[in-house]
Every structure is written in C-alpha cells, then in structure tokens.
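Chemist: Sequence plus predicted model, see below.
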Amino acid sequence: MNLYLPIAELSVNAFLLLSMGGAVGFLSGLFGVGGGFLMTPLLIFIGVPPAVAVGTEANQIVASSVSGVIAHMRRRNVDFKMGFFLTIGGFIGSSAGVILFTFLNKLGQVDLLISLSYVVFLGTVGSLMLFESLRSIIRLRKTGTASRGKLHQHNWLHGLPFKVRFRRSRLYVSALLPIIIGIFVGVLAAIMGVGGGFIMVPAMIYILGMPTAVVVGTSLFQIIFVTANVTLLQAINNQTVDILLALILLTGAVIGAQIGTKMGTRLRAEYLRGLLAGIVLAACSKMGWDLVATPEDVYSISEGLAGGGH
Amino acid sequence: MAGLASRSIAVCLLALFFSGSAQGQSGPPLVADLIEEQVSITLGFSGTDLLLFGATDEIGDIVVVVRGPTGNVTVRRKERIGGIWVNRDHATFDEVPGFYLIASTGPINETVPLEIRRNKELGLDMLSLDPTEDITQEESEAFRAALIRNKQRQGLYAAMPGSVELQSGRLFRTNVTFPSNVPTGIYTVEVILLRDDKIVEVTLTPLVVDRRGFEALVFSFAHVRPMVYGLFAILIALIAGWFAGFAFRKI
C-alpha cells in the first residue's frame, strides 16, 4: 500500500515505513538509545529530502522520548533541575543549529554538513564504545566480573563559577557546565535529526560526573524540549515536518521498542555495547563512503535559486 | 477495467463523429482530448497515466507536448576537495518547465523540420534553457545537459518518439505518464498535426495537477500557518508518546 507523504512529497510503501520504524525501534529498545542516528540516514536513503528527514525525525523523537521518560519518572530517575539547565542550553544550541541548517540548505551544502557531522560524531562515539566494550569483555573473560574504573576526577571544570546543588545527581557544579553541554548537543540535534543522547549520555557521565541511574532519564527529559524546539523551528523556517511520516514511523518504533527492551534484558551489557558500537560504526562508514565515492552524476539539481528562498 | 472500457467508448464515439464529419469534408483537421483534465494527488497517489486521444482529417504526423508549470532551478556541480565530494560551482535557470514530455508518431528529428522544432521547442535538445550567470558557452552547455539529465532521471522529462499510436491512419492515442513526484500546477497539453513539413493545426488543452483531500489539508496547513502546524505536530507527538508509554506500562 503506497502512501503519498504530504510534506516529503514522495510516494512510499506504508509497510516499508512501518518496518523501518519497527527495526530502529527494536534497536533503540535493545540498546536504550534514541535511534535517530539510524532513522535520519535511512529516511534520506529512501529518498526523503534531508531537510524533511531532519525535521520529521525531531518530531518523532519528541514522542519516543515522552514514552521513555514516563518509565524513568516512575522510577524517580530524572534530575529535573539538571534537565532544566541542559534544556536552557539545548534551546540556544538547537535554535542556532536550525538557523545554520536553513542557511546551508540555501547554499546547497546541507547534505555535506549532515554527512560530515555523522562521520565525525558517530565515528568518535562508535570507536570509543567499541574500545571500551572490548576492554570490558576481555576483563570479563579474565576475572569473571566486569568492573569499571573511577567514575570521575575533579578537574578545572569544577572550578567554574555559578555553582548549583543538584540533589538527585548528588552534585555541586557550575550551572554553566550543563548549559554548555546543552548548547553543543542542541546544535547537533538540529543538524543531524537526532535526540543527541549518544553524545549527551557520555557527557553526563564523564564531564558532569552524574550517577548512571539518572543519566538516561534526565537525557530523555531534556531531549523532549530540544526536539520539540527543532520541530517548531523547522516547521516555521522550512516547512519540513511531515506529520504523517512521523506518525507511521512512531507506530512502528513503539512496537519495535517493546520487543527490543525485552530482548535487551537477556543480553549482557558488555556485548550489547559492542554490538551497538558495530552498528554505529557501520552507519558511519556508509556515510563516509558516500562522501568519498565518485557519485553517479557529479551534477545535481534543486528547485529555487541558489542562496535565495524557494 | 472500468477506466479501460470508458476509454474505448470515448475513442469509438470520436471515431463515429469523425467518420460522419469527414464525409461532409467540413470538420476541423485535428481534434484531441484527454480522458480527464485533472490529476489529483490524494493519499494513495503513486503516479498515474492519462490517455490522450484524437483524430485527424487526413494522414499526418502527430506530436504531443505536455508542459508543467515553470520555476527556477539551481544546478550544482560537485568537485573532489581533500578526498570528499563537495558542491562547488552552480548555475541557475529561469522558467524551467517542471514537467516536459514529448510524444510523437515518428522520430521528430526526421519528421519535423529543424526550424519548427526550434520555434515550438520540440524535443529535449530544443528547450530554451540558458543559465542566468555569465559563464562560458561550454560551461553553460554542461549545466544545461545536467539539468535535463537529472529531470529525466526523476521521470519528469521524457521524449518518447513512436509512442503516439495511429489507428486506421486517422485516429491516434497515447498515454501520458505522470510519476508520483509530479509538480502541482497548471499544465498545457499541445497536440500538433504536421503534413509535408508544415504545421497544419495545433490544439491546446489545459490540465490541472493539484492536491486533494488530506494532502491539500496538511500541505496548506504547513505552509499557511507554519507556527500553528509546528505546535500541532508537537502536541500530536506528546499525546502519541504519552499514550505509548501508558499502553505498554504493564509489559
């Protein structure tokens, strides 16, 4: 059954979209990640214009983060105060990101920006994860238990002004720190069409030194606001949010995530991380290959004037 | 099947009409019509075929040209910089038809004189497309060819010599294929009858391609009230997410 997507202006098989949503939802349930980093490239791959893929995926992540945060709130695993400061930064960063996106879209360089961001950030995060999980798997084989090193050390970051006490995270750090992290991740969320959890979670653990229990819930909490902001700004600036596409992907993703979550509890965390690292690096390699491989046609066309509106 | 039957009936009626008028020698040299004068983009739209049919008073060559609404198009060229392919030079074109299909009874390069082809822009090579930038002839040609090549790849430009079928020498028919990515707007369908290297008659029929129902509703909502649309999209996502979180709580 083919559906004509009103904003993407594309006729796509509804079952293909449902299975894409389901597959990415399954992986996100299995690994506890948002999955935007897989969905956005997949959408572009099936022919959705990059701007529509990014705007629509932001909209879908709003929904999946809400359903995720509900479970974490029930377990009281959300640091709202930390989330608040991250969101302030997130608003600034994602607004700047959408402006940058709109500007580069008019220059015809937005595809390059998306691809480069994916290659750099997925490559870095994927490699770190792979390295870390291999190390803990080796350690697991040797001693039978997986232990990790010291969580965080005190460094110059803890000397910044405007210190605030975060009770749930049991931290006393500068409010500038979460705001700066929020800005950085917000820019990426707007450009890459992701929630940014894959950068946010490591940043919370290794830079802020938050306890792992509250990290995912708090990250999801702020992702809701950041992706909502991206959705709104993309809708206003570029008219690139496809509600129909978002709803179909969401339906598949919700079901997939339930199955993935159940499977995830049966696998060891070290192997899961290694597997996820593999998928992240595969997505990164695909993007990287497309950048260096000689294109089928070096010429491309787009409606409208270069540097002008449409 | 119903569509096919109605097409056959339409062609038959036309044939009857013409066999009557031809005997009186008073009919027009060319009549042509589309089975429908409207292409509606609805939720289930995945492209469509329209039958164009007509009749002539005597044997001749038929050329059919379907043109879509015009607009600006930017053509960009990638170059390899530090190992990666990056968009560098570009050229912009004004008044580029969003859709161009030419169908004919024979190869137009042989059946239609060059002057007529040039004047009436018959054939992809005859489209008057010039970049607005001041660039060399060679560059201009390269960008122009790339524009046409890309449009062809998207299924929006096509030349189909021989696709106009003649029946009993005077009735003709052809299928006009609109892909799912067809741009909306007002189209013109031009049918030209040629005989002895001269144009005998030209008919022009308008055709409207537009969004209907759900497609029209969402598209105009997103473009006319973008802020309300954005807020609405967020609200829908919040409700859907809350519902999903609630529905799967027990699992």
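Modeler: Structure's in. What do you need?

Chemist: quick one: the residue nearest to the spatial centre of chain B from chain A, how far?
Modeler: Closest residue to the average C-alpha location of chain B: B:Phe99 at 3.9 Å, with C-alpha atoms, centre = their mean. Distance of B:Phe99 to chain A, given as C-beta to the nearest C-beta, to the nearest Å: 13 Å. C-beta: built from backbone N, CA, C; applies to glycine.

Chemist: residue contacts, the nearest residue to that residue once chain neighbours are set aside?
Modeler: Excluding the flanking residues, the one nearest B:Phe99 by C-beta to C-beta, 6 or more residues apart in numbering or on different chains is B:Gly68, at 2.8 Å. Going by C-beta atoms under 8 Å, 6 or more residues apart in numbering or on different chains, B:Gly68 touches B:Pro97, B:Gly98, B:Phe99, B:Tyr100, B:Leu156, B:Val182, B:Pro183, B:Gly185, B:Tyr187, B:Val209.

Chemist: Just the ones of these in strands?
Modeler: The members of the contacts of B:Gly68 that map onto strands under DSSP state E are B:Pro97, B:Tyr100, B:Gly185, B:Tyr187, B:Val209.

Chemist: so can I have a markdown table of those residues showing pLDDT?
Modeler: Compiled in a markdown table, the ones in strands among the contacts of B:Gly68 are given as follows (pLDDT from 0 to 100):
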| residue | pLDDT |
| --- | --- |
| B:Pro97 | 96 |
| B:Tyr100 | 97 |
| B:Gly185 | 95 |
| B:Tyr187 | 96 |
| B:Val209 | 95 |
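
Chemist: Can I have the buried ones of these as a PyMOL selection?
Modeler: In PyMOL, this line selects whichever of the ones in strands among the contacts of B:Gly68 come out buried by 16 or more other C-beta atoms under 10 Å in any protein chain shown:
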select buried, chain B and resi 97+100+187+209
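
Chemist: and which of the ones in strands among the contacts of B:Gly68 is nearest B:His223?
Modeler: Ranked by distance to B:His223 (C-beta to C-beta), the ones in strands among the contacts of B:Gly68 are led by B:Gly185 at 14.8 Å.

Chemist: Test my guess that that closest one contacts B:Pro206.
Modeler: No: B:Gly185 is beyond contact range of B:Pro206, at 10.7 Å (criterion: C-beta atoms under 8 Å).

Chemist: For B:Phe178, state which of the ones in strands among the contacts of B:Gly68 is nearest.
Modeler: For those, the closest approach to B:Phe178 (C-beta to C-beta) belongs to B:Val209, at 7.1 Å.

Chemist: if I pick that closest one, what's in contact with it?
Modeler: By C-beta under 8 Å, 6+ apart, the residues touching B:Val209 are B:Gln38, B:Val39, B:Ile41, B:Gly68, B:Phe178, B:Val182, B:Pro183, B:Thr184, B:Gly185, B:Ile186, B:Tyr187.

Chemist: Narrow those to just the buried residues.
Modeler: B:Val39, B:Ile41, B:Gly68, B:Phe178, B:Val182, B:Pro183, B:Thr184, B:Tyr187.

Chemist: what about stretch A:102-118, average pLDDT?
Modeler: Averaged over stretch A:102-118, pLDDT sits at 89.

Chemist: Check whether it comes near chain B.
Modeler: Yes: interface with chain B: stretch A:102-118 contributes A:Gly108, A:Gln109, A:Asp111, A:Leu112 (C-beta under 8 Å from any C-beta of the partner chain).

Chemist: quick one: buried residues of that stretch?
Modeler: For stretch A:102-118, the neighbour count (16+ other C-beta under 10 Å) marks A:102, A:104-106, A:108, A:110-118 as buried.

Chemist: repeat for stretch B:225-239
Modeler: Of the residues in stretch B:225-239, B:Pro226, B:Tyr229, B:Gly230, B:Leu231, B:Phe232, B:Ala233, B:Ile234, B:Ile236, B:Ala237, B:Leu238 count as buried by neighbour count, 16+ other C-beta under 10 Å.

Chemist: average pLDDT across that stretch?
Modeler: For stretch B:225-239, mean pLDDT rounds to 96.

Chemist: Name the surrounding residues that touch it.
Modeler: A:59-60, A:62-63, A:66, A:228, A:231-236, A:239, A:241, A:243, A:246-247, A:250, B:221-222.

Chemist: and it, how far out from the chain's middle?
Modeler: Averaging C-alpha positions (C-alpha atoms, centre = their mean, to the nearest Å) puts stretch B:225-239 34 Å from its chain's average.

Chemist: neighbours around A:Asp297, how many?
Modeler: A:Asp297 has 12 neighbouring residues, counting by other C-beta atoms under 10 Å in any protein chain shown.

Chemist: Kindly apply the preceding question to A:Arg141 instead.
Modeler: By other C-beta under 10 Å, the residues close to A:Arg141 number 9.
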